[in-house]
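1. Need coordinates for the following:
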Amino acid sequence: MVRQLTAIIEKEGGGFVALCPEVDVASQGESVAEAKDNLKEALELFSG
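-> A predicted model of the protein is given here:
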């Protein structure tokens, strides 16, 4: 099953924080792309 989720990415300090509010999962990275990739990985681990 494919779900579409929201990713909110904000600059914080020297990096970026990515948050998926639907499932309250967050991640971070040094760039927008890295934060998004890390969030995707965290969501995959969260959903098992």
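2. need the helix or strand of the protein with the lowest average pLDDT.
-> helix 32-47 (a mean of 95; mean pLDDT, DSSP states H and E).
3. tell me the contacts of the residue nearest the centre of the chain?
-> Closest to where the C-alpha atoms of the chain average out (C-alpha atoms, centre = their mean) is residue 39, at 2.7 Å. By C-beta atoms under 8 Å, 6 or more residues apart in numbering, residue 39 lies in contact with 7, 9, 18-20, 25-27. All C-beta atoms are positioned from the backbone trio N, CA, C, and that covers glycine.
4. Quick one: buried ones out of these?
-> 7, 9, 18-20, 25, 27 (16 or more other C-beta atoms under 10 Å).
5. Just the ones of the residues you listed in strands?
-> Within those, residues falling in strands by DSSP state E are 9, 18-20, 25, 27.
6. what about the closest residue to residue 29 other than its chain neighbours, how many neighbours?
-> Distances taken as C-beta to C-beta, 6 or more residues apart in numbering place residue 35 nearest to residue 29, at 3.6 Å, with adjacent residues excluded. When neighbours are counted by other C-beta atoms under 10 Å, residue 35 registers 24.
7. now swap in residue 40 and tell me
-> For residue 40, using other C-beta under 10 Å, the count is 15.
8. How much space separates it from residue 21?
-> In this view, residue 40 and residue 21 are 15 Å apart by C-beta to C-beta, to the nearest Å.
9. swap in residue 35?
-> 15 Å.
10. cool, residue 15 as well?
-> 19 Å.
11. isn't residue 16 right up against residue 10?
-> Yes - counting by C-beta atoms under 8 Å, residue 10 is a contact partner of residue 16 at 6.8 Å.
12. Looking at these two now, which is surrounded by more residues?
-> Higher neighbour count among residue 16 and residue 10: residue 16, with 21 against 10, using other C-beta under 10 Å.
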